[in-house]
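In: Sharing a model prediction with you, sequence too.
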Amino acid sequence: MFTKKHHFRIFALIITAILAFLMNGVITFINTGLDAGFLLRWGRAFAIAWLIALTIVLLFGLHVRTIAERLCTQDD
């Protein structure tokens with residue numbers, strides 16, 4: 001499907017989509033309740049949040065991974 005060099009980008013795409021989808025669903029439900037316009041509000045919030053989250057992960061993800069690797073140097 002994809003070469004290994006695209007692993008981080010594909011991972012970022014999938015994880016940010018899952019997080020944005022679930023978090024926006026919960027927050028939209030808490031803030032506005034479940035009514036006729038819920039799915040539209042959820043979808044709009046998801047689209048905005050996913051683009052922001054994906055941009056942040058693509059910009060900072062490799063740096064954060066490096067920091068995490070430095071912090072986790074001991075074996076179990």
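Out: Everything's here; your move.
In: And the helices in this structure, which stretches?
Out: Using DSSP state H, the helices of the chain run over residues 7-32, 38-71.
In: and the first one, how far out from the chain's middle?
Out: Helix 7-32 has its C-alpha centroid displaced from the chain centroid by 5 Å (C-alpha atoms, centre = their mean, to the nearest Å).
In: cool, and the longest one?
Out: Using C-alpha atoms, centre = their mean, the distance from the centre of helix 38-71 to the centre of the chain it belongs to is 4 Å.
In: so what's the residue positioned nearest the centre of the chain scoring on pLDDT?
Out: Centroid-nearest residue in the chain, with C-alpha atoms, centre = their mean: Thr16, separated by 1.8 Å. Listed pLDDT for Thr16 reads 97.
In: same question, the one 10 residues further on
Out: The pLDDT attached to Val26 in the predicted structure is 98.
In: what about it, neighbour count?
Out: Val26 sits with 11 neighbouring residues when counted by other C-beta atoms under 10 Å. In short, each C-beta sits where N, CA and C put it, glycine included.
In: Could you report the separation of it from Ala68?
Out: 26 Å (C-beta to C-beta, to the nearest Å).
In: do Ala47 as well
Out: From Ala47 across to Ala68, the span is 29 Å (C-beta to C-beta).
In: Same check on Ala36?
Out: Separation of Ala36 from Ala68 (C-beta to C-beta) stands at 43 Å.
In: Settle it for me: which of these two has more neighbours?
Out: Neighbour count, other C-beta under 10 Å: between Ala36 and Ala68, Ala68 has more, with 9 against 6.
In: Pull out the buried positions in stretch 60-73.
Out: Neighbour-count burial for stretch 60-73 flags Gly61 (criterion: 16 or more other C-beta atoms under 10 Å).
In: and Trp42, how many neighbours?
Out: When neighbours are counted by other C-beta under 10 Å, Trp42 registers 19.
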